[in-house]
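> 3D, please:
(2 chains)
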Amino acid sequence: SQQGEEDPQALSIQEGENATMNCSYKTSINNLQWYRQNSGRGLVHLILIRSNEREKHSGRLRVTLDTSKKSSSLLITASRAADTASYFCATDQSGGYNKLIFGAGTRLAVHP
Amino acid sequence: NAGVTQTPKFQVLKTGQSMTLQCAQDMNHNSMYWYRQDPGMGLRLIYYSASEGTTDKGEVPNGYNVSRLNKREFSLRLESAAPSQTSVYFCASSEAPQPQHFGDGTRLSIL
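Down below sits the predicted model:
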């Protein structure tokens, strides 16, 4: 069974718009990570947020974590066509051994 | 900067055949991982190796074996391939608890 569930499964927006993806999980975690996957490629790490953090920024990315609701969101601002990819959340509940459990992902399409 | 290298990139097998997927990393990471990704799903952990000389089962280990040959290399073996093992296989490495670095995958079809 998978720990994370992402919502929506697919998202289609225009360039310049913001994209928000949500992730819910079931058990307590050490950290939550977001990864991106371009078609036919491996995953690339975007951002990591620890269980004692509530918000984190990296460039056009903003991640929030609500441990009371067991949920996280990824916001991509001013999206570009190059942001078209699948985005996955992954939770580490292994005490820092980085044994991750991935959600099913959100497929983002950004149209020029 | 090679990062994580997986070979082969594509493979077609017949049911019952055996095969070893190879993975090598050049980042001197202690931890290595094997995942499978099925259509419309996220990655599921098959096996991982927290350090050289150790391996542990993940979420879906049945039908697979692994070998941590040295610090750089971590191989995944299918002893008797089944159609249910048709998938894309990803290898990753990390210096836990830092994020994982992934290879580009091996696309495996079993007929």
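> quick one: average pLDDT of the helix or strand encompassing B:Ser109?
Taking DSSP states H and E as the definition, B:Ser109 sits inside strand B:106-110. Mean pLDDT, computed over strand B:106-110, is 97.
> What residues of it count as buried?
B:106-108, B:110 (16 or more other Cβ atoms under 10 Å in any protein chain shown). Every residue, glycine included, has its C-beta placed from N, CA and C.
> hmm, which two among those residues are most spread apart?
Pairwise distances across the buried residues of strand B:106-110 peak at 12.4 Å for B:Thr106 and B:Ile110 (criterion: Cβ to Cβ).
> what's the strand holding B:Ser109 packed up against?
On a contact count with 3 or more Cβ pairs under 8 Å, 6 or more residues apart in numbering or on different chains; DSSP states H and E, strand B:106-110 meets strand B:10-13, strand B:19-25, strand B:87-94.
> Show me the shaky parts of the chain.
By default, I'm working from chain A. Applying pLDDT under 70 to chain A flags residues A:1-4, A:95-97.
> my bad, chain B
Applying pLDDT under 70 to chain B picks out residues B:1.
> ok, the residue lying closest to B:Asn65 once chain neighbours are set aside - how many residues close by?
Distances taken as Cβ to Cβ, 6 or more residues apart in numbering or on different chains place B:Arg77 nearest to B:Asn65, at 4.6 Å, with adjacent residues excluded. Residue neighbour count, defined by other Cβ atoms under 10 Å in any protein chain shown, stands at 13 for B:Arg77.
> where does chain A come near chain B, residue by residue?
Counting by Cβ under 8 Å from any Cβ of the partner chain, chain A comes close to chain B at A:2, A:4, A:30-31, A:33, A:40-45, A:48, A:88, A:90, A:92, A:96-105.
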